[in-house]
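A.B. asks: Curious how this folds, go ahead:
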Amino acid sequence: MTNDATHAATDRGPTRRSSWSALTLAAFLGLAGMMHFARPSFFDAIVPSWMPGSPRTTTYVSGVVEMGAAAMVAVPTTRRIGGWFAAATFVGVFPANVWAALQGGMQGLDAPFDSAAVAWARLPLQIPMIWWASKVARRAD
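C.D. replies: Below you'll find the predicted structure:
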């Protein structure tokens, strides 16, 4: 049996905590997406050589994808699909992070980003980001 407080919280839609988490994720994605345009050379350095097209095109496309995910996560009516889209985006960029680690770092960047240690340290960071995005998607109403 549920109490009235439980029903009241459910009737109001997402909790403040889940909304805060979603909006923080949206801000993170939006800022990351904008940085693809403000500092594209940083992102060009992680684009694998086996990707088709120029690294700059890939950088710009991935920036647009991240900003699109941010917009979808920010809006409650598209938050669920936006959360899953964000999770898929994080999964999709993982091969580039693996490639950078195998290449010994993000070539052409200043220290410490050009080091293998930093490239390998980035890999496990994808896991909490995927978890965060999927959590936002699961909690969306």
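A.B. asks: and residue 47, what does it touch?
C.D. replies: Residue 47 makes contacts with 55, 58, 59, 96, as judged by CB atoms under 8 Å, 6 or more residues apart in numbering. Where you see a C-beta, it was placed from the backbone N, CA and C, and this is true even at glycine.
A.B. asks: so which of these is the most crowded?
C.D. replies: The member of the contacts of residue 47 surrounded by the most neighbours (other CB atoms under 10 Å) is residue 59, with 22 neighbours in all.
A.B. asks: Would you tell me what the next helix or strand after the worst-scoring helix or strand of the chain on mean pLDDT is?
C.D. replies: Ranking every helix and strand in the chain by mean pLDDT, DSSP states H and E puts helix 4-11 at the bottom, with a mean of 45. Remark: after helix 4-11, the chain's next helix or strand is helix 16-38, criterion DSSP states H and E.
A.B. asks: now the helices for this protein?
C.D. replies: Here the chain has its helices, by DSSP state H, at 4-11, 16-38, 40-44, 55-74, 79-102, 116-122, 126-139.
A.B. asks: and residue 109, which of those is closest to it?
C.D. replies: Among the helices of the chain, the nearest to residue 109 by CB to CB is helix 40-44 (6.5 Å).
A.B. asks: Show me the contact partners of that closest one.
C.D. replies: Residues outside helix 40-44 that contact it (CB under 8 Å, 6+ apart) are 35-36, 55-56, 58-60, 62-63, 106, 108-109, 113.
A.B. asks: got the CA positions of that helix in PDB?
C.D. replies: C-alpha atoms of helix 40-44 as PDB (Å, rounded to 0.1, in the frame of the first residue of the first chain):
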ATOM      1  CA  PRO A  40      38.400  21.700 -32.600                       C
ATOM      2  CA  SER A  41      42.100  20.800 -32.800                       C
ATOM      3  CA  PHE A  42      41.800  19.200 -29.300                       C
ATOM      4  CA  PHE A  43      39.100  16.900 -30.600                       C
ATOM      5  CA  ASP A  44      40.800  16.300 -34.000                       C
END
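A.B. asks: what comes up buried for stretch 131-141?
C.D. replies: 132, 133, 134, 135, 136, 137, 139, 140 (16 or more other CB atoms under 10 Å).
A.B. asks: for stretch 28-38, same thing?
C.D. replies: For stretch 28-38, by 16+ other CB under 10 Å, it's 28, 29, 30, 32, 33, 36.
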